[in-house]
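Student: need a structure here:
(2 chains)
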Amino acid sequence: MPGPERSLNDFAPPGAALRVYLLGTLPFDSFLAFQRRLVYEISGDPQLASLVICDHPPEITIGREGSRLHIRPTPEQLAAQEWRVRWVARGGGVMLHLPGQVCAYPILPLAGLQMTPAQYRDVLLESAADALRQHKLEPTVDAERPGLRIGDRRVAHAGLAIRSGVTGFGLVVNVCPDLELFEAVACDGEPRPMTSLERESPLRIRPAAVRLDLADAIARRFGFTRQSVFHTHTIFHANAASR
Amino acid sequence: MPILLPELGVEVGRFSLWYVRPGEAVTAGDRVAEILIPGLTIDVAAPADGVLRERLALPGDVVHSGQSLGLIEPPADP
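Tutor: Presented below is the predicted three-dimensional model:
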């Protein structure tokens, strides 16, 4: 089985397009509903492939490898901060979602890409590393607790799932969040302080540029030669109309 | 019929949980179990219609690709 060093552009079928949803700030509930919709669509038509790029209001999610022990505030303190805690069916541990992060959630048909689950995870992490290199950074992949480090500090986490042969959840990259807030949460059980692109890069960091760099890197690594970019989806209009 | 763990791309994974209990009916393609490798959960689908007869893997077990996780008994002919 080829590894992630396999040459670029040979996973997706020739000419395949990646639908990229650049959505801005999206409540986690809305993201979950949107993800369910995309997984349903793609499980019925493996020619489709999507990537959701967004960020979330403050919230904590706990994956299968996480523990409530990694969250230091008491339930009362979390309620006072309006930080909801949610258990989610994905790999990875605890993630603190904050403004100033960029989340990249590929919704891809794994069989159509002819990839194993581990290969998908590794190629996705290499995609994120590619995007960070655009900002004069040299990240390293943390294979034990999948994510990216700059020096000894984590800058990105991966929490992934494969359901009905379709990938879900994805990466969270610290672009310019308030790093002090991570003192309350040991993301992925990491005892060392977190870092961000803003802290590490010699360049001026713009979240909008990081979003596009991530989309480009993921499309390139997975072999999508075309991107169709959307800034909304009918599911959000339907939800707004029903309120 | 055995429920076989598909190719993971790593030597071993860890059995995470069952979504069905022994004796419950399943349809081919139903999600019946979940496997965990670092950073990633993978759902395992029922290979055929029938009833889950036996669980051969349990949460926390180390599992490898191709291993039988459980057994499905086909529905009896009417």
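Student: Show me where chain A dips below the pLDDT cut-off.
Tutor: Applying pLDDT under 70 to chain A picks out residues A:1-9, A:239-243.
Student: Just want the most central residue of it.
Tutor: Geometric centre of chain A, nearest residue: A:L171, 2.2 Å, by Cα atoms, centre = their mean.
Student: Tell me the residues of chain A that contact chain B?
Tutor: Selection of chain A residues close to chain B by Cβ under 8 Å from any Cβ of the partner chain yields A:1, A:63-65, A:89-92, A:115-121, A:143-147, A:158-164. (C-beta placed from N, C-alpha, C; glycine too.)
Student: Figure out the helix or strand that the residue nearest to the centre of chain A lives in.
Tutor: In this structure, A:L171 is located in strand A:166-174 according to DSSP states H and E.
Student: picking that back up, what distance do you get for the residue nearest to the centre of chain A to A:P191?
Tutor: Here the criterion is Cβ to Cβ, to the nearest Å. By it, A:L171 lies 21 Å from A:P191.
Student: Keep only those of the residues of chain A next to chain B that are in strands.
Tutor: A:147, A:158-163 (DSSP state E).
Student: okay, those residues in TSV with neighbour count next?
Tutor: Formatted as TSV, these follow (neighbours: other Cβ atoms under 10 Å in any protein chain shown):
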residue	neighbour count
A:G147	28
A:A158	29
A:G159	31
A:L160	27
A:A161	26
A:I162	25
A:R163	20
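Student: Can you tell me which of those is nearest B:L5?
Tutor: The shortest approach to B:L5 among these belongs to A:I162, at 12.8 Å (Cβ to Cβ).
Student: Tell me which residues touch that closest one, please.
Tutor: Contacts for A:I162 (Cβ atoms under 8 Å, 6 or more residues apart in numbering or on different chains) come out as A:110, A:117, A:120, A:168, B:40-43.
Student: Give the closest residue to it in space, chain neighbours not counted.
Tutor: Spatial nearest neighbour of A:I162, excluding adjacent residues (Cβ to Cβ, 6 or more residues apart in numbering or on different chains): B:I42 at 4.7 Å.
Student: In terms of helices and strands, where is that neighbour?
Tutor: B:I42 belongs to strand B:40-45 when assigned by DSSP H and E.
Student: Can you list the strands that that strand pairs with?
Tutor: Sheet pairing here is set by DSSP bridges, and for strand B:40-45 it gives strand A:153-163 (parallel), strand B:31-37 (antiparallel).
Student: ok, which stretches of chain B are strands?
Tutor: B:2-4, B:13-18, B:25-26, B:31-37, B:40-45, B:50-55, B:62-63, B:68-73.
Student: quick one on the thing from earlier: tell me the most packed of the contacts of A:I162, by neighbour count.
Tutor: Among the contacts of A:I162, B:L40 has the most neighbours (other Cβ atoms under 10 Å in any protein chain shown), with 30 neighbours.
Student: ok, that residue to A:R145 distance?
Tutor: Remark: distance between B:L40 and A:R145 (Cβ to Cβ) = 12 Å.
Student: Name the residues contacting each of the two.
Tutor: Residues touching both B:L40 and A:R145 (Cβ under 8 Å, 6+ apart) are A:G92.
Student: and of the contacts of A:I162, the nearest to A:E41?
Tutor: When these are compared for distance to A:E41 (Cβ to Cβ), A:G168 wins out at 12.6 Å.
Student: Tell me the bridge partners for that closest one.
Tutor: A:A161.
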